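1. Fold the following for me, if possible:
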Amino acid sequence: QVQLVESGGDLVQPGGSLRLSCAASGFSLEYYAIGWFRQAPGKEREGVSCISNSDDYTYYTDSVKGRFTISRDNAKNTVYLQMNSLKPEDTAVYYCNAQGFGMTYWGKGTLVTVSS
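-> So this is what the prediction gives:
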């Protein structure tokens, strides 16, 4: 069964850090471009970061540049999003997305809440 499962979301204080994981089953993430998206309450889903299938290109939306880092571990079939210096405006449900071979897969999301 093809599946993407996000984890690592939590309640964290402003300035804190979290590492989100996106684990795949049923296919190998190594050959897919992976994106992280987020959707805050009452807002549209937005792209946060992505990494190409060859790992030679990464993208970050302006609001997270210098704070978030995307990476992948092919041996664990997992992609990560390291989030540092978190701000209340980073509060959202975070989703990962895999694209390749004409297919697109989405996970169900993990909730990140940044609040004191």
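2. For the most centrally placed residue in the chain, give me phi and psi.
-> For the chain, the residue nearest the mean C-alpha position is W36 (3.3 Å; C-alpha atoms, centre = their mean). Note on W36: backbone dihedrals following degrees, to the nearest 10 are phi -110, psi 130.
3. likewise N74?
-> Dihedral angles for N74 - degrees, to the nearest 10 - are phi -70, psi -30.
4. same check, this time on E30
-> Per degrees, to the nearest 10, the backbone of E30 is at phi -50, psi -30.
5. Per-residue confidence, it, what does it come out as?
-> For E30, the model assigns a pLDDT of 93.
6. again, but for D55
-> 85.
7. From S17, how far out is it?
-> 23 Å (C-beta to C-beta, to the nearest Å). Bear in mind the C-beta positions are built from the backbone N, C-alpha and C, glycine included.
8. Mind checking which of those two has more residues around it?
-> D55 (14 against 11; other C-beta atoms under 10 Å).
9. part of a strand, is the more buried one?
-> No: read with DSSP: H, G, I helix; E, B strand; the rest coil, D55 is coil and lies in no strand.
10. What's opposite the closest residue to it other than its chain neighbours in the beta bridge?
-> Closest residue in space to D55, ignoring its immediate chain neighbours: R72 at 6.7 Å, by C-beta to C-beta, 6 or more residues apart in numbering. Beta bridges link R72 to V79, judged by DSSP bridges.
11. residues contacting R72?
-> L29, E30, I34, I51, D55, T78, V79, Y80 (C-beta atoms under 8 Å, 6 or more residues apart in numbering).
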